[in-house]
Structure formats: structure tokens, C-alpha cells
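A.B. asks: need a structure here:
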Amino acid sequence: MTPAGPGRAGSADPAADLADFAAGAHRHPVVLWELTARVRLLSDTHIGSADDSARTAADIAPIDRDPLDHAPRLRASTQAGLLRHHLAARLGPDRADAVAELFGEAARGADPADPGGTAVNAASALDIDDAFAELPPEAGIAVRAGNRVDPGSGAAAPGAFWRMETLPAGTRFTLTLRLWVADPADEGRLLALAALAADGLNGADLAPGVAIGARTARGYGAVRCDSWHLRRHDLRTPQGWADWYALTWRQRRERAHRAVTAPARPRPARAPGLLTLVPDHLQRDPALAAAIGGDYSAALADLATDRRHRDELTLTLRLAERPTEAFLPTGSGAPPRAPGPRPGLLMVGDTPRLESLGEVDRAHLRRPSVGGDGAVEWRPALGDTALFALFKRLSRRLVRDISGESATTLAEWPEDSPARRLHARWWGGDARSGGAPAPSGIRLRQAAELTGGTTQRTTRVTIDSLFGDAVDSTLLTDDVHAGGQATVILDAPQPDDAVRGLLALIVRELHTVPLDAIGGGSGAGHGRVTVTRAVLTRHEPGAAPDRVDLLAAIDDARSPERAAVGPWVSALRAAVSGDRAAAPGPNGSAR
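C.D. replies: Predicted structure coming up:
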């Protein structure tokens with residue numbers, strides 16, 4: 001607390017005395033905003049522990065837990081990093097100074113021109129608490145087991161087995177953030193920056209935002225905010241000071257939790273974000289709106305434009321296969337073509353559930369899923385690792401065919417090949433001995449779940465390859481999933497025409513007669529998926545989204561969609577051959 005000098009003791013300005021009493025020695029806040037969010041996980045999430053001693057088994061990666069009561073937690077530093085990363089991506093590298101205004105900046109050293117100067121850390125204006133998981137009653141912490149899929153063969157890669165603890169979909173966290181304002185002139189701008197950073201929690205179905213934990217490129221860690229609550233404390237007034245400092249930390253935390261968890265009124269299916277709630281709050285307080293409303297609006301006008309260059313490919317995948325006769329011309333008197341894809345079977349292996357344990361040897365993967373009413377249900381999943389490996393396998397075959405390198409073995413594929421570099425950039429490089437695999441540029445936004453279809457129990461035996469009869473004691477029973485469809489969204493940050501052409505060709509492969517499959521039993525025809533809808537949406541800063549129907553481009557050679565896709569395929573051909581001069585120009589013609 002700042003000592004009261006001769007001119008301050010018994011001052012006629014109580015606001016100044018309160019400001020001195022409320023301020024810490026390093027921050028001197030005059031206004032404090034409590035921002036409380038109730039967020040819900042939409043897919044499996046692994047928040048890794050930095051303490052390796054928390055392992056309960058040598059090969060199981062544990063989730064992070066509080067050292068006192070062992071409750072699963074989301075660290076404050078993790079929350080700050082996720083929000084900062086989202087804000088930095090949204091504002092672009094040219095506005096790094098705005099990100100530092102909200103989240104602070106580490107000292108970069110003294111100014112060489114001023115040897116006597118000192119480096120000063122810029123403290124973050126956001127103060128965040130650790131958040132603790134509230135598990136849904138329908139599911140608990142599980143150990144997910146997986147195996148890296150070899151993109152070349154589609155089979156499980158030997159020795160690439162992993163196991164990790166995961167939090168289920170439906171798990172909730174209550175995030176408590178405090179925005180400290182030291183200068184009243186900065187309040188509107190800091191509030192706008194906080195609202196833009198929190199916009200990343202609005203939900204994965206709207207735009208790529210915050211994803212928590214590991215394997216987020218495979219759809220893990222998707223999150224959505226269910227409710228927000230705002231509370232402002234003017235520490236220069238007796239009421240504002242007492243409303244904050246007269247309570248203990250536990251009382252303030254419980255008050256914030258009650259504000260976002262109490263079912264006081266029916267809530268909409270999607271909670272409004274801070275970009276909606278802050279203007280509503282200002283509208284209810286005309287004096288506050290007059291004080292900071294102009295600065296808040298000016299900051300949004302300057303910063304609200306999303307500066308990310310990104311594409312998203314939205315696919316509808318049916319667990320089905322189009323029959324060959326669907327592609328053959330029908331002559332006069334010929335029977336009509338098949339009405340559509342024929343439902344297929346899928347087996348992404350998982351441990352059978354309790355009700356079928358002992359009856360089946362394997363069951364198709366089912367994971368917790370959040371329904372429209374917020375209830376958690378167990379639904380069949382398409383398989384994140386298997387699905388991504390399918391896209392990666394198709395990409396590698398396409399670029400090798402286009403570049404003329406398909407005759408070489410994968411081991412002999414040159415490291416400096418333009419086709420290999422393009423493939424590794426977007427889908428990730430393969431792990432070398434003693435090294436980690438390169439990350440993928442394309443990301444699966446959320447784990448895909450199957451809707452429709454049904455569980456089908458199949459029984460099979462092993463056939464002796466020499467005599468052709470059944471082998472004794474080899475009866476196997478599986479619960480496979482038959483039929484259904486899933487919506488899949490792939491995000492490509494900083495895309496170019498070459499990757500757009502590659503995505504269009506992958507869609508073509510899956511829309512016609514797919515030669516590749518996912519899951520087990522692919523040799524017997526299981527795991528065939530067919531694209532029935534594919535829309536590529538281009539997002540550019542300040543421009544309306546540009547959507548291209550890729551199926552229209554594939555099916556109709558004279559469509560405007562085909563004209564749009566043609567230059568993309570030409571750019572892909574030029575990129576994998578290393579001939580940049582042959583890439584199409586702005587008008588689609590070769591340079």
C-alpha cells in the first residue's frame with residue numbers, strides 16, 4: 001500500500017485513497033472485470049501432465065491433476081497460452097503489439113543505444129485461475145489405446161502403440177479470468193481484446209478456435225462455451241472496492257461459479273460470446289457506455305477483422321460404396337441404375353462394452369458425445385487416426401502419380417522431391433529412426449461421429465489356406481457398425497492453390513469408387529466410405545466466404561465449379577513437378 005503523505009492524509013478525495021489501498025505495488029488497478037466462462041469438451045481430450053512421476057503405468061500417459069486432491073485440472077498457464085495463440089492468429093503478425101497489451105510481453109533486453117537502460121517485463125492484464133474438471137455422470141476418465149496407421153499400407157504400424165488417459169466429451173470446466181485495468185483510458189480497448197481472445201471458445205462448428213490438449217490435429221480437445229458472466233468492479237468507489245476486497249478468494253470463486261451454473265432461466269442452444277455480452281452490459285449502464293463505449297467500439301473497428309487466411313473442407317461421408325453399375329451408361333430397356341451407395345460395414349476395434357463383454361471378441365469404437373440438449377450419449381465414431389490416415393494415404397498416392405515417382409519405393413522416395421515436400425507440409429512427414437514425425441498442416445477440426453446405421457453382429461471362422469475348410473477353435477464374433485454417415489471438417493491454414501487441387505482430387509477419389517478403406521476387415525470389403533457432399537470454403541480477411549461445390553465440379557465438366565477447380569489442379573501439377581513457371585496466373589492461364 002502506498003504510504004499517505006502530508007497531502008494525502010485525510011484527503012478529501014476518498015477515491016484516491018481507495019485506489020492506493022486497492023493497488024498492489026506492481027499493478028495499481030483502478031477497475032477490475034470478472035469474466036467467468038462455463039466450457040464443455042466436445043471430444044476426447046488429453047491434457048498431459050508435466051510431472052512424469054504421475055504415471056500409474058510405464059506406457060500410459062497421465063492427464064494433469066491437482067497435487068492435493070488429484071482432480072483433473074486445466075492449468076491457468078495453459079488457458080492463457082491457448083487464448084493468446086488464438087488472438088495472435090486472429091490479429092496476424094502485424095498486430096503483435098495488441099496481443100502484448102492484453103497478455104504481456106517478456107523483456108527483450110536493454111536497448112543497445114541506452115547502455116544504462118533496463119529491460120522491463122510487461123505484465124499480463126489477464127489474471128487466470130486453474131480450472132478443475134467436472135465429469136459427466138455418463139462417462140469417466142478412460143484410457144484410450146491407439147496405434148499409428150502406416151499411410152502407405154493402411155495397416156497398423158508395428159511398434160507405434162500408444163495409450164493415454166482422456167477426459168470424455170461432456171466434461172465441464174469453469175474458467176475464471178480477471179481483467180485488471182490500471183489506466184481508465186485503456187479499459188475499452190482491453191475489454192475488446194479480451195472479447196476477441198474469448199471468441200475462440202465459441203465452438204468448433206463455427207470456426208477453428210481453441211482446442212485443448214494433445215492430438216488436436218486429429219480432432220481431440222474440441223471445446224464450446226455454454227455460458228458467460230461479467231461483473232465489473234470500480235475500485236475507486238467504496239461499493240466497488242468492498243464488493244471485491246471484502247470477500248475471500250473462495251467466496252469470490254463460488255460467486256462466479258454460481259453465476260454460470262445456476263439454471264435461472266432457459267438458455268439458448270449456443271451461448272452468446274463476449275462480443276455480444278459486452279455491448280449488452282454497456283447498454284444497461286449508460287454512464288459506463290459513455291465512459292468506455294467509444295474506445296470499445298473503436299478497438300473493435302480496428303481489430304475485429306479476422307486476419308487468418310484459411311480454407312475449410314466440409315465433407316459428408318457415408319459408410320457405403322457406390323456400385324460399379326452406377327457409373328455405367330444405361331441403354332434402352334436396361335434396368336435403372338442403383339438408387340445410391342450401398343451400406344457397408346466398419347470395424348475400428350475397441351473393447352466391448354459391459355453389456356456385451358463375453359459375447360463378442362471385438363466391438364466397433366464408441367465414444368461419448370454431447371447431444372443437442374447437452375446430454376452425453378455413447379455414439380459410434382469414425383475413428384480419428386484411421387480417417388486421417390486415409391486422407392494421408394490418398395494424398396501420397398496422388399502426388400506420387402502426378403509427379404511420375406510412383407515407380408520408386410517409399411524408401412527410395414527422394415527427400416528433396418517437390419512432391420514429397422508438399423505432401424509432408426500438409427499431411428505430416430513420416431517418422432524416421434530416432435526422430436519425431438513432422439506435424440501436419442491440415443487439421444481435423446473435431447472427431448467424426450456416425451449418425452444413423454445400426455450395430456450388426458458378425459461371426460467368422462478362419463479358413464485353412466491349404467485344405468479350404470474351417471480351422472477348429474477359431475470362431476470370432478464382432479459387433480460392427482453398418483451404414484450411417486458423418487460430417488468431417490478439415491482446416492488448411494495459409495493455403496495455396498496446390499493444396500486446394502489436392503483436396504479436390506482426394507474428394508474425387510472418395511466420390512467415385514474408393515480403392516482405400518479404413519478400419520479392420522478392409523480386405524473383405526469393410527470400411528468403404530463415399531463422399532456425398534463436399535464444399536470447399538475459402539476465408540480471406542475482410543471478404544465474404546467463397547464456397548465451391550467440389551461434387552458439382554467432379555460431376556459436371558461444364559460447370560462454373562469445374563472452371564474454378566481447374567487452375568487448382570494445374571497448380572498442384574506444377575508444385576509437385578517443381579515447375580513454378582507452369583503454375584496458373586491470376587486469370588487461370590499459365591505464367
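A.B. asks: Quick one: mean pLDDT for the helix or strand that contains Pro158?
C.D. replies: Pro158 belongs to strand 156-166 when assigned by DSSP states H and E. Taken as a whole, strand 156-166 carries a mean pLDDT of 78.
A.B. asks: Give the buried residues for stretch 176-185.
C.D. replies: Thr176, Leu177, Arg178, Leu179, Trp180, Val181, Ala182 (16 or more other C-beta atoms under 10 Å). Glycine gets a C-beta too; all of them are placed from N, C-alpha and C.
A.B. asks: What is the nearest of those residues to Leu550?
C.D. replies: Leu177 (40.8 Å; C-beta to C-beta).
A.B. asks: gap between the closest one and Ala195?
C.D. replies: 11 Å (C-beta to C-beta, to the nearest Å).
A.B. asks: Now do stretch 224-244: distance from first to last residue.
C.D. replies: End-to-end span of stretch 224-244 (C-alpha to C-alpha, to the nearest Å): 29 Å.
A.B. asks: again, but for stretch 64-71
C.D. replies: 8 Å.
A.B. asks: How far off centre is it?
C.D. replies: The chain centre lies 26 Å from the centre of stretch 64-71; the measure is C-alpha atoms, centre = their mean, to the nearest Å.
A.B. asks: Can you pull out the residues in contact with it?
C.D. replies: Ile47, Gly48, Ser49, Ala50, Ala54, Pro72, Arg73, Leu74, Arg75, Asp130, Phe132, Ala133 (C-beta atoms under 8 Å, 6 or more residues apart in numbering).
A.B. asks: Try it again at 10 Å.
C.D. replies: Stretch 64-71 is contacted from outside by 46-51, 54, 72-75, 78, 130, 132-135, 141, 165, 213, using C-beta atoms under 10 Å, 6 or more residues apart in numbering.
A.B. asks: What helix or strand is Glu34 located in?
C.D. replies: Assigned by DSSP H and E, Glu34 belongs to strand 31-41.
A.B. asks: thinking again about what came up before, which element is encountered next along the chain beyond the strand holding Pro158?
C.D. replies: As assigned by DSSP H and E, the chain's next helix or strand after strand 156-166 is strand 172-181.
A.B. asks: Next up, the contacts around Ser465.
C.D. replies: Neighbours of Ser465 in contact, by C-beta under 10 Å, 6+ apart: Val471.
A.B. asks: For Val471, see how far away it is.
C.D. replies: 10 Å.
A.B. asks: Also Arg253?
C.D. replies: 63 Å.
A.B. asks: for Asp361, same thing?
C.D. replies: Distance from Asp361 to Val471, by C-beta to C-beta: 15 Å.
A.B. asks: With Ser227 instead?
C.D. replies: Counting by C-beta to C-beta, the gap from Ser227 to Val471 is 59 Å.
A.B. asks: same deal with Gly221?
C.D. replies: Taking C-beta to C-beta, one finds Gly221 at 44 Å from Val471.
A.B. asks: Look at these two and report which has more neighbours.
C.D. replies: Set Gly221 next to Val471 and count neighbours by other C-beta atoms under 10 Å: Gly221 wins out with 26 against 12.
A.B. asks: can you pull the contacts of that one?
C.D. replies: Applying C-beta under 10 Å, 6+ apart, the residues near Gly221 are 41-47, 82, 166-167, 204, 210-215, 446-447.
A.B. asks: got it, and Arg528?
C.D. replies: Arg528 touches 318-322, 341-346, 510, 513-519, 522, counting by C-beta under 10 Å, 6+ apart.
A.B. asks: List only those of these flagged as buried.
C.D. replies: 318-322, 341, 343-346, 510, 514, 516-519, 522.
A.B. asks: so who does the closest residue in space to Ile128 that isn't next to it in sequence touch?
C.D. replies: Spatially, and ignoring its direct neighbours in sequence, Ile128 is nearest to Ala76 (4.1 Å; C-beta to C-beta, 6 or more residues apart in numbering). Residues in contact with Ala76 (C-beta under 10 Å, 6+ apart) are Leu126, Asp127, Ile128, Asp129, Asp130, Ala131, Leu175, Thr176, Leu177.
A.B. asks: Adding pLDDT and distance to Trp426, write those out as a markdown table.
C.D. replies: What follows is the contacts of Ala76, written out as a markdown table (pLDDT from 0 to 100; distance: C-beta to C-beta, whole Å):
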| residue | pLDDT | distance to Trp426 |
| --- | --- | --- |
| Leu126 | 93 | 34 |
| Asp127 | 92 | 39 |
| Ile128 | 94 | 34 |
| Asp129 | 92 | 38 |
| Asp130 | 93 | 36 |
| Ala131 | 94 | 34 |
| Leu175 | 95 | 33 |
| Thr176 | 94 | 38 |
| Leu177 | 94 | 35 |
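A.B. asks: got the residue ranges for the helices in the stretch 51-200 of the chain?
C.D. replies: Ranges of helices within the stretch 51-200 of the chain are 76-91, 96-103, 187-198, based on DSSP state H, counting those that start in this stretch.
A.B. asks: Make a markdown table out of those and add mean pLDDT and distance to Gly372.
C.D. replies: Formatted as a markdown table, these follow (pLDDT from 0 to 100; distance: least, C-beta to C-beta, whole Å):
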| stretch | mean pLDDT | distance to Gly372 |
| --- | --- | --- |
| helix 76-91 | 94 | 26 |
| helix 96-103 | 93 | 34 |
| helix 187-198 | 95 | 23 |
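A.B. asks: Out of those, which one sits most buried?
C.D. replies: Most buried of the helices of the stretch 51-200 of the chain by mean neighbour count (mean count of other C-beta atoms under 10 Å) is helix 187-198; its value is a mean of 24.
A.B. asks: on contacts alone, who are the packing partners of it?
C.D. replies: Contacts defined by 3 or more C-beta pairs under 10 Å, 6 or more residues apart in numbering; DSSP states H and E place helix 187-198 against strand 31-41, helix 76-91, helix 96-103, strand 126-128, strand 172-181, strand 223-234, helix 274-284, helix 286-303.
A.B. asks: Return the distance of the second one from the chain's centre.
C.D. replies: Remark: helix 76-91 is offset 13 Å from the chain centroid, using C-alpha atoms, centre = their mean.
A.B. asks: CA atoms only for that helix, dumped as CSV, please.
C.D. replies: Extracted in CSV, the C-alpha atoms of helix 76-91 (Å, rounded to 0.1, in the frame of the first residue of the first chain):
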residue,chain,number,x,y,z
ALA,A,76,-4.0,-21.3,-15.8
SER,A,77,-0.9,-21.1,-17.9
THR,A,78,-2.4,-23.5,-20.5
GLN,A,79,-5.6,-21.3,-20.7
ALA,A,80,-3.5,-18.2,-21.2
GLY,A,81,-1.4,-19.8,-23.9
LEU,A,82,-4.5,-21.1,-25.8
LEU,A,83,-6.2,-17.7,-25.6
ARG,A,84,-3.1,-15.8,-26.6
HIS,A,85,-2.4,-18.2,-29.5
HIS,A,86,-6.0,-17.7,-30.8
LEU,A,87,-5.8,-13.9,-30.5
ALA,A,88,-2.4,-13.8,-32.2
ALA,A,89,-3.6,-16.0,-35.1
ARG,A,90,-6.8,-13.9,-35.5
LEU,A,91,-5.0,-10.5,-35.5
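A.B. asks: and the top helix by length along the chain with strand 156-166, angle?
C.D. replies: Using DSSP state H to define each element, the chain has its longest helix at helix 384-403. For helix 384-403 against strand 156-166, the angle by axes from the mean of the first three to the mean of the last three C-alpha atoms, to 10 degrees is 140 degrees.
A.B. asks: Thanks a lot, see you next time.
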